[in-house]
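Asks: Just need the structure, nothing else, for what follows:
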Amino acid sequence: MIMEQAMVSANPRGFQSILKRAFIAVSTEPAEILTRVVEKFHERRERGGPTCSYEAVADWDQRLHEHLDIEWPCPTCAEFGGLWSKAIQSLTSTGMRVGPMSFGPWNDGDAGLVRAVWSLTRHLRAERVVETGVAHGFTSRFILEALASNGAGHLWSIDLPPLDQDLRQQVGIAVPNELSDRWIYIQGSSRSRLPKLLSELGQIDLFIHDSLHSERNVRFELDRAWAKLRPGGAIIVDDVDANWGFHTFNESFPGHFCLICEAEPIKPDHRRFNEKGLFGIVIKRPSAISVVAGVAMAPRAFAPAGRYQLPRR
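Replies: Residues are numbered from 1 along each chain as shown. Prediction:
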């Protein structure tokens, strides 16, 4: 079972020591080294192709709540601002950098993405949440905050830690110990860990992709998560403008509520076309049927007008 694996911890006191052992293991495990090299090769090869352009929905918060049939403005979401400020302060007060390129070349989860994750965890009453990619752990923290507020549920985080020794010590640093009892950290690549985890969980309520942003990796994760996602559950994908994965996924599984949302970094990210970046949300319609036969499938249908427009290559 997952809970019995040495690479997994739900014990806050033992979490850091298990992380250290996991970091040593990844540097010596040939399979993970090969996966790291192969996936980076595909990511770099994709960079030479055309970019994927989207138009973001300005009022995505309101549209999301309308789709969920929840009042707007939302009292639950009003709690987010104070929690976000507290989370930022908890790191900056120790001298840590936050925001774009604060975790090596990678970004922390921004306020827009994390607010969407918080909102969906609360409103869907999610109990089985899976994410890929941790970094400082802002997204992880808010999932755990939401689960604690709901009074139920666990988060499984699959994370292939960076090779840089200093960055390794910062993985999950935003998550306070009092929230760790609902957290199961799984060290390794999503390609090696995600299929087994999903098989053991059986069904999930929410999936968040924030690991390697290549079309190859996005589709690997989303196709498998979708097959295990309950009807009415949601998938959130960060940096959808970085590759074609979200676009081709929506072509393969059309007819579901979908939003393209603008990120809200604490400072401009000059690497992005809009200095912010984009993230996407897909909510599986209640009547959806997933059939696993190598790749998950869903009934063909058209997305509601105005929700999402497929860009063209």
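
Asks: quick one: the helices in the stretch 201-313 of the chain?
Replies: Here the stretch 201-313 of the chain has its helices, by DSSP state H, counting those that start in this stretch, at 215-228, 245-252.

Asks: and the shortest one, what other elements does it pack with?
Replies: Going back to what we said before, that points to helix 245-252. helix 215-228, strand 278-283 (3 or more CB pairs under 8 Å, 6 or more residues apart in numbering; DSSP states H and E). For glycine as for every other residue, the C-beta is placed from the backbone atoms N, C-alpha and C.

Asks: how far does the shortest one sit from the chain's center?
Replies: In terms of CA atoms, centre = their mean, to the nearest Å, the centre of strand 278-283 is set 10 Å apart from its chain centre.

Asks: Over to stretch 144-155?
Replies: 16 Å.

Asks: quick one: the nearest residue to residue 132 once chain neighbours are set aside from residue 93, how far?
Replies: Computed as CB to CB, 6 or more residues apart in numbering, the closest residue to residue 132 that is not its neighbour in sequence is residue 211, at 3.9 Å. Distance, residue 211 to residue 93, by CB to CB, to the nearest Å: 28 Å.

Asks: the more surrounded of the two?
Replies: Set residue 211 next to residue 93 and count neighbours by other CB atoms under 10 Å: residue 211 wins out with 24 against 8.

Asks: from memory the more buried one sits against residue 157, does it?
Replies: No. The pair residue 211 and residue 157 does not pass the contact test of CB atoms under 8 Å, sitting 10.2 Å apart.

Asks: Return every residue with contacts to both of the two.
Replies: residue 132 (CB atoms under 8 Å, 6 or more residues apart in numbering).

Asks: who touches residue 147 in this structure?
Replies: 121, 126, 127, 129, 153, 154, 155, 182.

Asks: Looks to me like the second one is in a strand.
Replies: No. Residue 126: not assigned to a strand; according to DSSP: H, G, I helix; E, B strand; the rest coil it is coil.

Asks: Can you get me a residue count around it?
Replies: By other CB under 10 Å, neighbour count at residue 126 equals 25.

Asks: contacting residues for it?
Replies: 120, 146, 147, 150, 153, 205, 206, 233.

Asks: since we're on the closest residue to residue 160 other than its chain neighbours, how many residues are nearby?
Replies: Spatial nearest neighbour of residue 160, chain neighbours left out: residue 189 (4.6 Å); criterion: CB to CB, 6+ apart. Residues lying near residue 189 (other CB under 10 Å) number 23.

Asks: what's the answer for the one 10 residues further on, then?
Replies: A count of nearby residues for residue 199, using other CB under 10 Å, gives 11.

Asks: swap in residue 178?
Replies: 9.

Asks: pLDDT value on residue 272, please?
Replies: As summarised for this prediction, residue 272 has a pLDDT of 87.

Asks: For it, which non-adjacent residue is closest in space?
Replies: Per CB to CB, 6+ apart, closest to residue 272 is residue 241, 7.1 Å.
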